[in-house]
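J.: Return a 3D structure for these sequence lines:
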Amino acid sequence: MKKHIFLLVLLLSHMPISTVSVVYNFRIAQVTRKPIALESNKRPNSFAPLIFDFFQKTRCLDIAENYAGGLLTYTRNFAKYYYLRTDFAVAHVDQKIEHVNNVNVTETDDILFTFGRNFTVGQHSKMTLSGMFGIPTHRVHTLQRVGFGTGLVGIGGQLDGLSPLGQHIDFLWGTRYNYFIPAKTCDAFGNSYKFTVGSIADVLVAFQTSRQLSHGVEVGYDGRWGFGIKACPVIPDLSLLNYMRNNVYVVYKYTFLTERVAHRLLFTISYGRDAKPKLHGYNAVMVWGSWGIAF
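T.: Below is the predicted model of the structure:
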């Protein structure tokens, strides 16, 4: 019983950090997937290296984590309406408990593949239906320590859209769901479990300026829910680790052309706060920048 109590305290101090994944970040996916220029069929390939720093700290416990690294994303548009996207990331993970280093590692994120189809709704609105498949690059560390990436196979779906609201203003929306298949892991005592972080669901709403080849801004809200955490054999009160986070973000964009290549510079800052759990919730700040090209 004492082992279970200690394990629960350990998990409460680590979750939902153990599910931190940049490739599954809905805001990054939405912002970087948008066509850099209107003539996207003439430039079917897009590639974007991205650097980020993600910091968060518990409100009631003296636990702080920082994730600094980079992401590479490649998107291929084909057959006019379809696209295929691949994301891969790596980060240095640093965790301090009461100002003492507890974790200091460099890890890769999952590899995420996204396949989707674009639809035109009416004269101006657009909608995209996508499916996702994530492959882990290392074993799950959730029951042992904080880490980067889920370490689990993930499957999911996404529906998002865009509607013009007026001259040079668009309304963006999207919803996403991912389920992670249970895998074998061990806790800090060497006990073996079949564990999953369950499901992660996102809802995003945003507004953006839509003028092409110029400076632009996007502001939005992203709500994230983590639920369905399970372990076998059962760990008591594991459901306390389910969470709900509210995020707000702002993006600065600049697009321009050089010969046949379209370029887009992005800089983003976001702030998140856990509404659940209230006692062990996190406050988080993420900044990232990218340089995307379409060719």
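
J.: where's stretch 169-187 relative to the chain centroid, distance-wise?
T.: Centroid displacement of stretch 169-187 relative to its chain, using CA atoms, centre = their mean, to the nearest Å, is 8 Å.

J.: List the buried residues of that stretch.
T.: 170, 172-176, 178-180, 182-183, 185, 187 (16 or more other CB atoms under 10 Å). Placement of C-beta: from N, CA and C, glycine included.

J.: For the protein, just list every one of the helices.
T.: Along the chain, the stretches classed as helices by DSSP state H are 2-14, 26-33.

J.: And the buried residues of stretch 169-187, which is closest to Thr196?
T.: The nearest member of the buried residues of stretch 169-187 to Thr196, counting by CB to CB, is Pro182 at 4.0 Å.

J.: my read: that closest one touches Cys232, true?
T.: Yes - counting by CB atoms under 8 Å, Cys232 is a contact partner of Pro182 at 7.5 Å.

J.: And the helices of the chain, which one averages the lowest pLDDT?
T.: Among those, helix 2-14 carries the lowest mean pLDDT, a mean of 44.

J.: Between Pro182 and Cys232, which contacts overlap?
T.: 194-195 (CB atoms under 8 Å, 6 or more residues apart in numbering).

J.: Now, the buried residues of stretch 169-187 that are in strands?
T.: 170, 172-176, 178-180, 183, 185 (DSSP state E).

J.: for the residue nearest to Gly174 when sequence neighbours are not counted, what are its contacts?
T.: For Gly174, ignoring the flanking residues on the chain, the nearest one in space by CB to CB, 6 or more residues apart in numbering is Asp160 at 3.2 Å. Listed by CB under 8 Å, 6+ apart, the contact partners of Asp160 are 30, 127-128, 130, 172-176, 204.

J.: mind running it again at 7 Å?
T.: By CB atoms under 7 Å, 6 or more residues apart in numbering, the residues touching Asp160 are 30, 128, 173-174.

J.: Please apply the same query to Val217.
T.: Val217 touches 208-209, 250-253, counting by CB under 7 Å, 6+ apart.

J.: Next: Gln56.
T.: 65, 282-284.

J.: measure it to His141 for me?
T.: Note on Gln56: its distance to His141, by CB to CB, to the nearest Å, is 17 Å.

J.: Give me the pLDDT for the residue nearest in space to the middle of the chain.
T.: Nearest residue to the geometric centre of the chain (CA atoms, centre = their mean): Asn25, 1.1 Å. On pLDDT, Asn25 comes in at 96.

J.: Can you pull out the low-pLDDT segments for this protein?
T.: Where the chain drops to pLDDT under 70, the residues are 1-18, 37-41.

J.: measure stretch 57-68 end to end?
T.: Using CA to CA, to the nearest Å, the end-to-end distance of stretch 57-68 comes out at 15 Å.

J.: Can you give me the buried ones in it?
T.: Those would be 58, 63-65, 67, for stretch 57-68 by 16+ other CB under 10 Å.

J.: Let me know the closest of the contacts of Asp160 to Asp109.
T.: Gln30 (17.6 Å).

J.: The closest one: what's it in contact with?
T.: Gln30 touches 160, 172, 174, 204, counting by CB under 7 Å, 6+ apart.

J.: Look up how far Thr128 lies from it.
T.: 10 Å.

J.: Report the separation between Phe78 and Phe115.
T.: For Phe78 relative to Phe115 (CB to CB), the value is 11 Å.

J.: re earlier: TSV please, covering the buried residues of stretch 169-187 and showing distance to Gly134.
T.: Output for the buried residues of stretch 169-187, formatted as TSV (distance: CB to CB, whole Å):
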residue	distance to Gly134
Asp170	29
Leu172	23
Trp173	23
Gly174	18
Thr175	18
Arg176	12
Asn178	7
Tyr179	10
Phe180	8
Pro182	14
Ala183	12
Thr185	17
Asp187	24
